[in-house]
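Visitor: Quick one, fold the following:
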Amino acid sequence: MKKSLSVLLAAVMALSCVFAFAGCSKKESGSYELVLITNGQAINDGSYNESAWNGVKSYGDKNKITYRYYQPNLDEDGNLALDTISDYVKLAVDNGAKYIVLPGEAFAVAAYKVASEYKDINFVLVDAFPHSEDDNNPRLQSNVMCVNYNALQAGFLAGYVSVLDGNTKLGYLGSVNSSNSGDYGAGYVQGAAYAADEKAIPVTLDYADYDSAVLDYDYSFTVKPIYQKISNAKEDTFTVKVEGGFGSGTYTDGENVSIIADDPAEGKVFDHWEVKSNTKGVKDKKVNISSKKDSTMNLLVGDCDCTITAVWADADTIPIKIMQPDGKTLYREVNVSKDSTNWITAPAAESGKVFDKWETEDESVLEDVNGSSTNVSVADKGITLVPTYKNSDTPTFDVTVENGTGSGSYVAGDTVNLIADPPKDGYMFYKWENVDNQGLSTGIAMDNEYNYNTSFEMVDRYSSVAEKMYDDGVTMMFAGGNANSDSIFTASTNFDYQVWTFGSGTDQGGKDNCYASVVNDYGAAVKLCLEGYKGGSILSAGCNNNCIYVTGKNVEEYQLGENGNPAKDKDGNRIKNNDYNKDYATVYNALAAGMINPISVQSGGDVRKVSASKCLSLNYWIVDGAFDVPEELTVADGAKAE
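Guide: Numbering: from 1, shown residues only. Sure thing, here's the model as predicted:
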């Protein structure tokens with residue numbers, strides 16, 4: 001079905017070059033010698049597609065050859081299917097393509113496959129190497145020219161600029177399972193060390209490998225309700241008493257309070273709420289509830305003290321028994337009507353565990369047997385459900401709720417539901433407070449931290465590591481080369497004081513708190529490949545060919561005109577670049593010339609081996625004693641740049 005649809009799409013596209021998903025050069029023609037296939041995103045994505053397209057356009061216009069792009073559709077999972085890429089390559093070839101540009105890792109497997117099918121076509125694969133579907137080892141093809149970016153140089157520039165511009169407390173978040181991330185991190189450490197020694201200023205750098213089994217970080221925190229004396233309230237307060245449910249307490253005027261009925265007893269079902277004003281002169285109808293018939297509803301506090309009572313009706317009920325994982329201890333029993341559908345939730349997991357599946361006599365009664373929360377359909381007999389758990393592949397968050405419910409072990413994306421215990425006499429619920437195991441705020445964003453009954457979505461653990469670094473005073477964070485690099489941006493938004501992040505890969509200046517970015521320029525690399533195409537070779541993209549640079553920093557002191565000659569003002573004076581930085585330019589040119597050669601630290605390597613410095617102190621986040629302290633090594637081979 002998918003194959004047939006792709007072929008049909010190709011046939012339709014061949015009729016015309018003007019579609020929403022395709023772009024052409026200015027020369028209208030049925031034949032295009034140069035084609036870019038995007039990774040499924042728009043050509044103006046402000047990222048790799050747009051950068052690569054700029055290289056295609058520049059080369060095409062300069063050499064007066066036709067060019068265009070195709071934007072394939074992603075599958076239902078948001079992925080670019082191999083068959084889809086193959087269909088678009090065929091479409092490009094059928095329309096006369098001689099060169100096809102493929103930007104990014106999404107095309108690595110496809111390049112390996114289609115290159116052998118179209119040996120007369122020249123492919124450019126940017127920032128990736130061809131490999132088979134079941135093997136990530138590079139398989140160079142005679143008609144594929146690859147671009148490999150120098151992650152060491154990129155990391156070095158980011159570390160150098162971080163210190164050059166005044167940051168003395170740095171952080172890096174990376175992955176030991178990625179050689180690319182390892183080199184970004186090693187480069188960052190060495191660049192920061194180089195700047196620290198050059199400027200003779202003390203710098204600290206926190207370094208965390210988030211996949212490491214010996215990462216010294218505790219993913220636990222405590223949530224607790226804060227109560228205040230009613231006499232300290234600055235607004236009018238009213239007392240709410242809930243009989244047969246949750247929600248009792250004292251609240252300020254205008255608060256929206258959740259009222260929840262208890263689980264019904266055997267032979268009973270919830271019928272309605274009765275409300276009564278307890279303030280003289282205020283009628284019962286002034287008690288403003290959202291529904292009398294819903295077992296969970298809202299009360300808008302105001303005008304009077306009140307009592308809200310759950311009223312039950314006799315019914316022929318069926319029990320749903322939710323057990324503890326041992327299958328013997330009852331966690332919760334819910335009595336429901338026959339032939340009904342009901343929402344149930346498993347007990348929170350123990351530390352290091354995650355929910356696996358439900359066990360019951362008939363799994364068909366469950367909408368999602370693998371969902372910790374799911375609908376269960378009840379006919380005319382009781383149902384017993386036993387939740388099962390498994391060890392988590394990644395560290396879990398252990399949440400302890402003091403004076404309330406919600407404690408358990410959670411992973412990113414889980415919903416944590418909180419209910420505070422009723423306050424003692426003379427007190428009222430004020431807000432929720434959350435702190436990590438160091439006693440610092442975790443930055444958890446709750447649906448409503450001022451409601452005794454609230455919830456929050458568990459943050460990703462990568463953000464929590466970055467946030468701990470920010471808590472400890474880190475002002476600049478880098479995470480180049482790993483799939484979770486956005487976590488440093490997510491974590492940085494939780495703070496009132498200024499923290500900075502250093503982007504990587506593309507210009508990420510549009511993100512909150514991004515100070516600068518070290519950019520892998522796809523366009524520059526594509527143009528170089530097309531100008532000197534050599535199948536089966538690898539273009540090493542780095543400082544030597546201006547394929548890597550830091551935004552906001554210029555290596556050229558003076559502006560150049562369109563013809564490449566020096567630009568001059570009306571008085572004949574050369575025009576300076578405002579973003580020129582002599583120190584940056586000196587180091588950049590030294591990297592380009594091979595005078596500075598950062599040392600590689602591959603997957604699983606110990607970055608301390610390249611951290612030797614008089615002025616840089618590396619805080620390597622590992623469990624004490626996990627590794628021996630390495631011998632000192634030089635930061636970089638070759639002469640220091642003058």
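
Visitor: What segments of the stretch 251-400 of the chain are strands?
Guide: With DSSP state E, counting those that start in this stretch as the criterion, the stretch 251-400 of the chain has strands at 256-261, 268-277, 288-289, 296-300, 306-314, 317-323, 330-337, 340-345, 353-359, 373-378, 383-391, 397-401.

Visitor: pLDDT (mean, whole number) over the first one?
Guide: Taken as a whole, strand 256-261 carries a mean pLDDT of 94.

Visitor: swap in the shortest one?
Guide: The average pLDDT for strand 288-289 rounds to 96.

Visitor: Over to the longest one?
Guide: Confidence for strand 268-277, expressed as mean pLDDT, is 96.

Visitor: repeat for the fourth one
Guide: Summarised as a single mean, pLDDT over strand 296-300 is 95.

Visitor: residue contacts, the closest residue to Glu266 other than its chain neighbours?
Guide: Excluding the flanking residues, the one nearest Glu266 by Cβ to Cβ, 6 or more residues apart in numbering is Asn335, at 5.3 Å. Bear in mind the C-beta positions are built from the backbone N, C-alpha and C, glycine included. Neighbouring residues of Asn335 by Cβ atoms under 8 Å, 6 or more residues apart in numbering: 263-269, 317-320.

Visitor: Mind doing that once more with 10 Å?
Guide: Residues in contact with Asn335 (Cβ atoms under 10 Å, 6 or more residues apart in numbering) are 263-269, 315, 317-320, 382.

Visitor: Please apply the same query to Gly480.
Guide: Applying Cβ under 10 Å, 6+ apart to Gly480 gives the contacts 151, 154-155, 157-159, 172-174, 180-181, 183-185, 187-188, 488, 502-505, 517-518, 520.

Visitor: can you check Val147 too?
Guide: Contacts of Val147 (Cβ under 10 Å, 6+ apart): 52, 103, 124-129, 520, 522, 524-526, 528-529, 538-541, 547.

Visitor: quick one, helices of this protein?
Guide: For the chain, the helices defined by DSSP state H occupy 2-13, 48-63, 82-94, 108-117, 151-164, 179-199, 461-471, 487-492, 522-531, 582-593.

Visitor: Return the most buried member of the ones you listed.
Guide: Neighbour counts (mean count of other Cβ atoms under 10 Å) averaged over each of the helices of the chain peak at helix 151-164, with a mean of 29.

Visitor: tilt between that one and helix 582-593?
Guide: When axes from the mean of the first three to the mean of the last three Cα atoms, to 10 degrees is applied, the directions of helix 151-164 and helix 582-593 differ by 170 degrees.

Visitor: Between helix 179-199 and helix 151-164, find me the angle.
Guide: Using the same axes, to 10 degrees: helix 151-164 against helix 179-199 is 40 degrees.

Visitor: What's the mean pLDDT across helix 151-164?
Guide: On average, helix 151-164 scores 97.

Visitor: ditto for stretch 618-629
Guide: For stretch 618-629, the mean per-residue pLDDT is 69.

Visitor: what does stretch 523-540 give?
Guide: Per-residue scores along stretch 523-540 average to 96.

Visitor: what about that stretch, distance to the chain center?
Guide: Per Cα atoms, centre = their mean, to the nearest Å, the displacement of stretch 523-540 from the mean C-alpha position of its chain is 32 Å.

Visitor: Can you measure across it, start residue to end residue?
Guide: 14 Å (Cα to Cα, to the nearest Å).

Visitor: who's the residue nearest to Arg332 when sequence neighbours are not counted bridged to?
Guide: Take Arg332 and drop its neighbours on the chain: the residue closest to it by Cβ to Cβ, 6+ apart is Ile322, 4.6 Å away. On the basis of DSSP bridges, Ile322 is bridged to Arg332, Leu385.

Visitor: mind checking how far the closest residue in space to Ala585 that isn't next to it in sequence is from Tyr580?
Guide: Take Ala585 and drop its neighbours on the chain: the residue closest to it by Cβ to Cβ, 6+ apart is Val555, 4.1 Å away. Per Cβ to Cβ, to the nearest Å, Val555 is found 8 Å from Tyr580.

Visitor: who has more neighbours, those two?
Guide: Neighbour count, other Cβ atoms under 10 Å: between Val555 and Tyr580, Val555 has more, with 20 against 15.

Visitor: so where's the stretch 51-200 of the chain shaky on pLDDT?
Guide: Applying pLDDT under 70 to the stretch 51-200 of the chain picks out residues 176.

Visitor: no wait, the stretch 401-550 of the chain
Guide: Residues of the stretch 401-550 of the chain meeting the criterion pLDDT under 70: 437-443, 494, 496.

Visitor: how about the strands of it, start to end?
Guide: Along the stretch 401-550 of the chain, counting by DSSP E, counting those that start in this stretch, strands occupy 404-405, 408-410, 415-420, 427-436, 453-457, 476-478, 500-505, 514-520, 538-541, 548-550.

Visitor: Ser407: what's it in contact with?
Guide: With Cβ under 10 Å, 6+ apart, Ser407 has these contacts: 222-223, 347-348, 398-401, 416, 418.

Visitor: Swap in 6 Å and give it another go.
Guide: Ser407 sits next to 399-401 when contact means Cβ atoms under 6 Å, 6 or more residues apart in numbering.

Visitor: Next one: it from Ala348, what distance?
Guide: Here Ser407 is placed at a distance of 6 Å from Ala348 (Cβ to Cβ).

Visitor: With Asp165 instead?
Guide: From Asp165 across to Ala348, the span is 45 Å (Cβ to Cβ).

Visitor: So which of those two has more stuff around it?
Guide: Taking other Cβ under 10 Å, Asp165 and Ala348 do not tie; Ala348 has more neighbours (22 against 17).

Visitor: any idea how far Thr296 is from the more buried one?
Guide: From Ala348 to Thr296 the distance is 20 Å (Cβ to Cβ).

Visitor: one step back: list buried residues within the contacts of Ser407.
Guide: Listed as buried from the contacts of Ser407 are 399, 401; burial here means 16 or more other Cβ atoms under 10 Å.

Visitor: Any chance of the contacts of Ser407 in TSV with distance to Lys241 as columns?
Guide: Output for these, formatted as TSV (distance: Cβ to Cβ, whole Å):
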residue	distance to Lys241
Val399	30
Thr400	29
Val401	24
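
Visitor: how many neighbours does the closest residue to Val334 other than its chain neighbours have?
Guide: Excluding the flanking residues, the one nearest Val334 by Cβ to Cβ, 6+ apart is Ile320, at 4.7 Å. Neighbourhood size, Ile320 [other Cβ under 10 Å]: 21.

Visitor: Ok, the one 10 residues further on next?
Guide: Neighbourhood size, Leu330 [other Cβ under 10 Å]: 10.

Visitor: show me what contacts Ser337?
Guide: 269, 315.

Visitor: Look up how far Ala315 lies from it.
Guide: Per Cβ to Cβ, Ser337 is found 6 Å from Ala315.

Visitor: what sits in contact with each of the two?
Guide: With Cβ under 6 Å, 6+ apart, Ser337 and Ala315 have common neighbours Val269.

Visitor: about what we covered before: right, so of the strands of the stretch 251-400 of the chain, which gets closest to Gly244?
Guide: Checking the strands of the stretch 251-400 of the chain against Gly244 by Cβ to Cβ gives strand 306-314 as the closest, at 3.3 Å.

Visitor: and that closest one, how far out from the chain's middle?
Guide: With Cα atoms, centre = their mean, you get 45 Å for strand 306-314.
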